[in-house]
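[1] Give me a model of this one.
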Amino acid sequence: HVHGSLKPDGTWMIVEPFAHDHLAANLNPVGRVYYAASTFVCTPASVSQEVGLALGAQAGEARLRKVVTGGGFKRLRRAAETPFNMVLEARP
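    Numbers count the residues shown, from 1 in each chain. Take a look at the predicted model:
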């Protein structure tokens, strides 16, 4: 729905919990809290939806890139990051 609502020069800013693409890299204090929240809140909520990809809170940039580009966006870049979040910029 986002892609269809943007103007051709529009931007979708996506704020996600910071996660690396591989489990071992996420086993730090912040990542462990995010995995716990993901297990009890994010993943069950996703599974209950029709699309239900169940990515959870620790999807990582590579998986998010696949979903975003699969939705029709041609460009995706990491605009910013903190130890807690990453901000992705998607453009049509």
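[2] which element follows the worst-scoring helix or strand of the chain on mean pLDDT toward the C-terminus?
    Least confident helix or strand, the chain: helix 43-47 with a mean of 86, by mean pLDDT, DSSP states H and E. Downstream of helix 43-47, the first helix or strand assigned by DSSP states H and E is helix 61-70.
[3] buried residues in that next one?
    61, 64-65, 68 (16 or more other C-beta atoms under 10 Å). Where C-beta positions appear, they are placed from N, C-alpha and C, glycine not excepted.
[4] now that helix, how far from the centre of its chain.
    Chain-centre distance of helix 61-70: 8 Å, with C-alpha atoms, centre = their mean, to the nearest Å.
[5] could you dump it to PDB, C-alpha only?
    Provided in PDB are the C-alpha atoms of helix 61-70 (Å, rounded to 0.1, in the frame of the first residue of the first chain):
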ATOM      1  CA  GLU A  61      18.500  -5.500   6.700                       C
ATOM      2  CA  ALA A  62      18.900  -8.200   4.100                       C
ATOM      3  CA  ARG A  63      15.400  -9.700   4.800                       C
ATOM      4  CA  LEU A  64      13.800  -6.200   5.000                       C
ATOM      5  CA  ARG A  65      15.500  -5.300   1.700                       C
ATOM      6  CA  LYS A  66      13.900  -8.400   0.100                       C
ATOM      7  CA  VAL A  67      10.400  -7.500   1.400                       C
ATOM      8  CA  VAL A  68      10.700  -3.800   0.400                       C
ATOM      9  CA  THR A  69      12.000  -4.500  -3.100                       C
ATOM     10  CA  GLY A  70       9.400  -7.200  -3.500                       C
END
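[6] for the very next helix or strand once past it, the distance to its chain's centre please.
    Using DSSP H and E, the helix or strand that follows helix 61-70 in sequence is strand 75-81. Centroid separation between strand 75-81 and its chain, computed with C-alpha atoms, centre = their mean, is 11 Å.
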